[in-house]
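1. Coordinates for the following, if possible.
(chains A and B)
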Amino acid sequence: MSDGIGARVKRKEDKRFITGKGKYTDDIRMENQAYAAFVRSPHAHAKVKGIDASAAEAMEGVVAVLTGAQLTGDGIGNLICGWAINSKDGSPMNMGPWSALATDRVRYVGDAVAVVIADSQKLARNAAEAVVVDYEELPAVAHADRALAKGAPQVHDNAPGNLIYDWGIGDDAATQAALKGSAHVTELHVTNNRLSPNPMEPRSAVATYDEAEDHYTLYTTSQNPHVARLVLSAFYNVAPEHKLRVIAPDVGGGFGSKIYIYPEEITCLWASMKTKRSVKWTSDRTEAFMTDAHGRDHITTAKMGFDKDGKITGFHVDTVANFGAYMSLFSSAVPTYLYATLLSGQYDIHNIYCNVRAVYTNTVPVDAYRGAGRPEACYLIERMMETAAREMGMDPAELRRRNFIQSFPHQTPVIMNYDSGDFPGNLDKALKAADIAGFPARKAEAAKRGKLRGIGYSCYIEACGIAPSAAVGSLGAGVGLWESAEVRVNPVGTIEILTGSHSHGQGHETTFAQIVSDRFGVPIDNVSIVHGDTDKVQMGMGTYGSRSGAVGMSAIVKAMDKVEAKVKKIAAHVLEASEDDIVIEGGEVKVAGTDRKMAWHEVGLAAYTAHNLPAGMEPGLKEGAFYDPVNFTFPAGAYIAEVEVDPDTGVTKIVQFTAADDFGTIINPNIVEGQVHGGVAQGIGQAILEQVVYDEGGQLLTGSYMDYAMPRADDVPFYTIEHNTTVCPNNPLGIKGCGEAGAIGAPPAVINAITDAIGTNDLQMPATPARVWAALNAARAPMAAE
Amino acid sequence: MYDVSYHRPASLADAKAMLASDDAKVLAGGQTLLPTMKQHLAAPSDLVDVRRIPGMSGVKVEGGKLVIGAATTHAEVAGNADVLKHVPSLACLAAGIGDPAVRHMGTIGGSIANNDPAADYPSAILALNATVVTDRREIAADDYFQGMFTTALEPGEIITAVKITPPKSGGYAKFPNPASRYAMVGVYVAQTGAGVRVAVTGAGQDGVFRHDGLEAALSARFAPEAVDGVSVSADGLLSDIHGDAAYRAHLVKVMAKRAVAAAA
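-> Predicted structure coming up:
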């Protein structure tokens, strides 16, 4: 089938997106719609001593001004973190209270204290400026290391020293001993820069309360509407689940930031009940910088030991993770089970220990962002490998080869059990595609033009397809991470797939239809994908962690298995053949080896007319399935970046970028390549451009694109993309996932290339021109002094 | 954006009358003013759009001088045959301002009236020893720029044109801010009848400024290498998250060399 698995099919959804016909949350217009504007703290830390809303309430078009006291008074619950992590001493994490509207204290710039509901967005915003909040400023702390220092301002009373947890994984003593006996030990101090997610569509919500039915509807920018409904119902007490419908229509990018249920959605729902008006809120870009959950923000000191042959003896890691002012929904899992469990990388390491201290600061909450923990792990390991190779005078590719895991399954000392892969093969493919042999000549040619050319490697591995429910449950997760699907064959043979996965750019309408087409031989245009509406689709867990292929599609396959079994029974009955002899081929259901057959739609019709079904068979052709993965999946690959640094200005130009990935089975190469392009662009953004900066007092200095540098087309090169597929043995399609690889693998490749070019290992992300120029000067200065 | 009244005067006299109110502002492209208003950081009562006033836009050569109407867009300056012929470095500068949308809305008069410390045009006006023509007088460039966002313009005074005597040669080199792509450091060099003039934008705490050391060195020898021996002090230069004053001081030299190398 030309539309099936592996076909480079054009995305079905693109026509409406490209022609501006997509329907996003902000496009929703309800009757009687009012608009919300939030009154936000200008201070990083302050007591709220009083709110005077009288002037705002008196303004034209203002429906209501609502405060945190009213919200909590109505029983709306505090925001929660859904993953319980215990400290090394067994004590539970210290979670401070987070109300959707602050009542007595604000803890970051942008923390909401009140909401104005008015007849237009403009009136709401103007009135929000007229709300007078009496703040008593408190000392603030914005940086994780300072938050842990003695005498630092306390963000939450119940988290002494701002420590949320002090967690560890692996064997500390054995790792220390292994380092002691090593022939060489490399030590690195790295920061993983704080990022703002910047989806093209900002967050938005439209909440409606139906008084007659006592029922709520929420349109929102969500990656997981069912999880949103569950949390809004079970924890925030907005409404019971059967009285709350959550719809995530077209969503323009998420990168993790739209997993979480934010104060704004909760407030809009509650406000719609209070005001009996539909309430719309759409973030502007400044609000997005101030309130969307940020990503990364680690400070790490690590040591890696090697024996005389370059084999890794031990890896000891100490990380401080900045969580911001409150614990966001999955924040606790990111620097623990999504980070430290990947610290074995692609390497056979017997001794690993990682200590993670999570800390509160007066900054916006930090949570999962494209890769979530895995980019931080990969960056650390791959900087370490490159640095160690340079220190030991070895070829960095050779050092990696000596340590690659070669047989599977492979149990690491940090929980993960890798199921498959071909790490040397990935690297070989990348080396060849990048023309490593020609690098010295390219470097010499660049030198003639006054440019410093460098090359850097990164061999990443990640854990996707999250995740086996029982396993994550045993590690503290509050939810199971299975997925659901329903396959509805209509009487005319067209097919609807109802999925708990949610597309916010991934192209599910195309790829999900492709696996159906592949299985039943129907054209992809005869398959529609239904998602993102809790009233239409059975409970599902949504899209993040590259799980839609490995988990979401697997659920569809399970449901298709059931449909196929029933189709064969019906056809066998009608065609008077044995069920075992029925085959589905090219849109027809045939008796093998004969000319007896039914067209696909004839089987559908037979199922619904029910005139001639096997005895006892229920009419209809609709099957559902839940799929719970047995393991994570492990996409891996080798990336090579080649850069030219202008020593006069410190400007880095990425001149070549090669990616050789193992994503398991590829459904649509076009979409997979798009994911790699976007992921690598974000990785390059992290490496050389992007960083959220708060000053010492917690003021956000990067509140717009004037100061937050996003990658643009001319910042990234044309990519060379290779695939080296090994099939995942643990799910029916053999899929591993591709959504985050680029963002995980690219940053260390780029930084390794820049440090190669300028001759120092002492460089932090983002490698801005100013930083590279300073590092270049610092690298030259000691020589001058000697 | 707060409520604002928009006016499109047909003549300078009408515009002046409309600007009588203290809270009225000239709109000359709005590429800075409008975003500022959207963010509630500016709230004029009236906008007086001067772009359609006859004679306010376009380029002509008069008495050997290039006369550029204040409402001439960056795109028009970049593509104008007279500018390309007489002051190609100015066309080159205009072609590098912002993005295509900005270049088709923003105007030379708007840019120099605003005098953003990171704008490109002020360096050209100062280095080219241009004359700023207003509805009431002519102001020499050296007298016109008076610090960040500050100029010699009086309340209600409207720039009508810029007059430039074509230099023997001129060149501009810009180091863009990685985020905004405004000039983090921009250096314009010009061999004028009054000697070599070097103006620096983007770097100074007080906006655009001339650099004596660079001017002296380049007057002695107008070549990139002449910059090598010049000392550029970091005093008075900006420091921010994109680069400190020392880095900017270094970039002033690098951009000066590149501007000289590009001079035409």
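2. Now A:Ser222. Nearest residue, chain neighbours left out?
-> Leaving aside its chain neighbours, A:Ser222 sits nearest to A:Ala248 (4.1 Å; criterion: CB to CB, 6 or more residues apart in numbering or on different chains). Yep, even glycine has a C-beta here, placed from its N, CA and C like the rest.
3. Assess the claim that that neighbour and A:His226 are in contact.
-> No: between A:Ala248 and A:His226 there is no contact under CB atoms under 8 Å: 9.5 Å.
4. Just the buried positions in the longest helix along chain A, please.
-> The residue-count maximum for a helix in chain A (DSSP state H) belongs to helix A:554-574. Neighbour-count burial for helix A:554-574, counted by 16 or more other CB atoms under 10 Å in any protein chain shown, picks out A:554-560, A:563-564, A:566-574.
5. again, but for stretch A:491-510
-> Within stretch A:491-510, the residues scored as buried using 16+ other CB under 10 Å are A:493-510.
6. ok now do the residue in the stretch 451-600 of chain A that chain B sits nearest to, which residues does it touch?
-> Nearest residue of the stretch 451-600 of chain A to chain B (CB to the nearest CB) works out as A:Lys451 at 14.0 Å. Residues near A:Lys451 by CB atoms under 8 Å, 6 or more residues apart in numbering or on different chains: A:Glu644, A:Val645, A:Asp646, A:Pro647.
7. Might you report the residue contacts of the closest residue to A:Ala377 other than its chain neighbours?
-> Once flanking residues are discounted, A:Ala377 sits nearest to A:Leu342: 4.0 Å by CB to CB, 6+ apart. Each residue near A:Leu342 by CB under 8 Å, 6+ apart is listed here: A:Gly373, A:Arg374, A:Ala377, A:Cys378, A:Val414, A:Met416, A:Ile461, A:Glu462, A:Ala463.
8. next one: A:Thr282
-> A:Thr282 touches A:Thr25, A:Asp26, A:Gln121, A:Pro202, A:Arg203, A:Ser204, A:Ala205, counting by CB under 8 Å, 6+ apart.
9. For A:Val630, grab phi and psi.
-> phi -90, psi -20 (degrees, to the nearest 10).
10. Quick check: it touching A:Pro468?
-> Yes: using CB under 8 Å, A:Val630 is in contact with A:Pro468, at 6.0 Å.
11. of these two, who's got more company?
-> Neighbours per residue (other CB atoms under 10 Å in any protein chain shown) separate A:Val630 from A:Pro468, with A:Pro468 holding more: 19 against 11.
12. before we move on, back to that, how much space between the residue nearest to A:Ala377 and A:Gly373?
-> Distance of A:Leu342 to A:Gly373, computed by CB to CB, to the nearest Å: 7 Å.
13. cool, and B:Lys60?
-> Counting by CB to CB, the gap from B:Lys60 to A:Gly373 is 63 Å.
14. Comparing the two, which shows the higher neighbour count?
-> The residue with more neighbours, out of B:Lys60 and A:Gly373, is A:Gly373; 30 against 12, by other CB under 10 Å.
15. and chain A, what are its domains?
-> Per the record, chain A has its domains at A:15-138+A:200-253+A:258-291, A:298-466+A:631-785, A:482-627, by automatic domain parsing.
16. Point out the most buried one among those.
-> Comparing the domains of chain A by mean neighbour count (mean count of other CB atoms under 10 Å in any protein chain shown), domain A:298-466+A:631-785 ranks first with a mean of 22.
17. what distance separates it from the centre of its chain?
-> Once both centres are worked out by CA atoms, centre = their mean, to the nearest Å, domain A:298-466+A:631-785 turns out to sit 16 Å from its chain's centre.
18. Run through the residues that contact B:Thr179.
-> Rather than Thr, residue B:179 is Ala. Residues near B:Ala179 by CB under 8 Å, 6+ apart: A:Leu689, A:Thr702, A:Tyr705, A:Met706, A:Asp707, A:Tyr708, A:Ala709, A:Met710, B:His242.
19. for the residues you listed, which one is nearest A:Gly151?
-> Checking the contacts of B:Ala179 against A:Gly151 with CB to CB, the nearest one is A:Thr702 at 27.6 Å.
20. close enough to count as contact, the closest one and B:Ile241?
-> Yes: judged on CB under 8 Å, A:Thr702 makes contact with B:Ile241 at a distance of 7.2 Å.
21. between those two, what contacts are shared?
-> Listed as contacting both A:Thr702 and B:Ile241 by CB under 8 Å, 6+ apart are A:Gln691, A:Val693.
22. distance of the residue positioned nearest the centre of chain B from B:Thr107?
-> Geometric centre of chain B, nearest residue: B:Tyr121, 2.0 Å, by CA atoms, centre = their mean. Going from B:Tyr121 to B:Thr107 by CB to CB gives 10 Å.
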